[in-house]
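Asks: Structure for the following, please:
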Amino acid sequence: MESTGKAGAPAPKHPEQIVYGRNAVVELLQQKPESVEKIYLQFNTAHPKLKEILITARRLKIPTGKARMEKLTELAGTAKNQGVCALITSVTYYSLEEVLASPRNSAPLLVILQGLEDPHNVGAIIRTAEAVAADAVILIEGKGCPVNATVHKASAGALSHMRVCKVRSLVKCLDFLHEQGYQVAAADMDAEKNHTDIDWRKPTALVMGAEGSGIGSEALKRCDSVVRIPMAGCVESLNVSVATGVLLYEAMRQRLG
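Replies: From the prediction side, this is the model:
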């Protein structure tokens with residue numbers, strides 16, 4: 001199983017740092033590309049150095065985004081940012097193999113997030129995952145929002161305790177977990193089963209899809225169970241972090257029962 005990161009100390013209180021300036025970011029990509037969460041560039045990337053940074057980031061599958069100069073100045077703390085800022089993190093990522101080798105529970109529980117864009121959702125899910133003693137939260141490399149200060153704040157400190165993994169491919173990750181004896185569950189509003197209809201006491205990986213787009217078709221094919229959360233009111237669905245909380249607490253209810 002190809003994953004990224006390795007075990008280490010808990011995440012610090014302020015996991016986000018900024019490196020700015022063309023030469024500094026080029027050097028960062030050459031020396032420590034694994035530390036880069038995302039690169040923000042000005043809208044006009046005609047400068048050769050900015051083009052080089054963009055091409056290198058794409059080759060390394062590092063997320064990039066366009067930003068106005070006001071935003072870049074805010075990130076860098078100076079207007080002399082030369083049109084580029086790299087967000088780096090000192091969060092220590094665990095490999096999936098390390099998590100599986102030292103589970104918290106006799107029947108491990110993993111939470112996999114496919115490309116969530118809202119850092120408040122990611123932080124809230126990490127907080128809930130820690131509250132139910134899940135074994136790890138797994139992110140897909142290059143997809144979704146970076147693990148930044150907003151994620152840390154929304155987690156209410158849980159990021160310092162929850163093991164976070166990054167994997168390069170969700171499909172390969174699910175195939176690997178099947179080989180290790182895990183069942184894979186996912187949520188979908190059109191599913192036939194309720195979330196209470198499956199056995200959450202088994203080693204389980206719960207996959208939650210991105211806001212709006214949900215879970216990709218190839219990943220859904222690899223899910224052993226797709227469940228829905230019954231709705232009695234006028235709304236059709238729940239916020240992804242709320243839905244994850246409902247599912248995780250059903251898992252904990254069954255496991256404690």
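
Asks: Just the buried positions in the helix or strand residue 40 falls within, please.
Replies: Per DSSP states H and E, residue 40 falls inside strand 36-42. Applying a neighbour-count criterion of 16 or more other Cβ atoms under 10 Å, one finds 36-42 buried in strand 36-42. The way it works is simple: take the backbone N, C-alpha and C, and place the C-beta from them, glycine included.

Asks: Export only the CA atoms of that strand, formatted as CSV.
Replies: C-alpha atoms of strand 36-42 as CSV (Å, rounded to 0.1, in the frame of the first residue of the first chain):
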residue,chain,number,x,y,z
VAL,A,36,4.1,21.6,1.2
GLU,A,37,0.4,21.5,1.7
LYS,A,38,-0.6,24.0,-1.0
ILE,A,39,0.9,26.8,-3.1
TYR,A,40,-1.0,30.0,-3.8
LEU,A,41,0.1,32.0,-6.9
GLN,A,42,-1.0,35.4,-8.3
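
Asks: pLDDT averaged over it - what is it?
Replies: Averaged across strand 36-42, pLDDT comes to 90.

Asks: between the buried residues of strand 36-42, which is nearest residue 50?
Replies: Residue 50 has its nearest neighbour among the buried residues of strand 36-42 in residue 41, at 5.8 Å by Cβ to Cβ.

Asks: So, low pLDDT: which residues of the chain?
Replies: Counting by pLDDT under 70, the chain has low-confidence residues at 1-16, 90.

Asks: tell me what the helix or strand hosting residue 66 is packed against?
Replies: Using DSSP H and E, residue 66 falls within strand 64-67. For strand 64-67, the packing partners by 3 or more Cβ pairs under 8 Å, 6 or more residues apart in numbering; DSSP states H and E come out as strand 36-42, helix 48-59.

Asks: For stretch 238-257, C-alpha coordinates in CSV please.
Replies: Provided in CSV are the C-alpha atoms of stretch 238-257 (Å, rounded to 0.1, in the frame of the first residue of the first chain):
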residue,chain,number,x,y,z
LEU,A,238,-27.1,16.7,6.4
ASN,A,239,-23.8,18.7,6.4
VAL,A,240,-21.0,16.2,5.8
SER,A,241,-19.4,16.7,9.3
VAL,A,242,-22.8,16.2,11.0
ALA,A,243,-23.5,13.1,8.9
THR,A,244,-20.1,11.7,9.8
GLY,A,245,-20.9,12.3,13.5
VAL,A,246,-24.2,10.4,13.2
LEU,A,247,-22.4,7.4,11.6
LEU,A,248,-19.5,7.4,14.0
TYR,A,249,-21.8,7.5,17.1
GLU,A,250,-23.8,4.6,15.7
ALA,A,251,-20.6,2.7,15.4
MET,A,252,-19.7,3.6,19.0
ARG,A,253,-23.2,2.7,20.3
GLN,A,254,-22.9,-0.8,18.8
ARG,A,255,-19.4,-1.3,20.0
LEU,A,256,-20.3,-0.2,23.6
GLY,A,257,-23.6,-2.2,23.5
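
Asks: And the contacts of it?
Replies: With Cβ atoms under 8 Å, 6 or more residues apart in numbering as the test, stretch 238-257 has contacts from 105, 107, 109, 111, 116, 120-121, 124-125, 128-129, 132-134, 185, 187, 195-196, 199-201, 204, 206, 208-211, 227, 229, 231, 237.

Asks: in that stretch, what's buried?
Replies: Within stretch 238-257, the residues scored as buried using 16+ other Cβ under 10 Å are 240-241, 243-245, 247-248, 250-252, 255.

Asks: Tell me which entries of those lie within helices.
Replies: Judged by DSSP state H, helices contain the following of these: 240-241, 243-245, 247-248, 250-252, 255.

Asks: Spatially nearest residue to residue 124 (excluding sequence neighbours)?
Replies: Distances taken as Cβ to Cβ, 6 or more residues apart in numbering place residue 241 nearest to residue 124, at 3.9 Å, with adjacent residues excluded.

Asks: still on that earlier bit, give me the buried entries from the contacts of stretch 238-257.
Replies: Judged by 16+ other Cβ under 10 Å, buried ones among the contacts of stretch 238-257: 109, 111, 116, 120-121, 124-125, 128-129, 132, 134, 185, 187, 195, 200, 204, 206, 208-210, 227, 229.

Asks: Fine, thanks again, bye for now.
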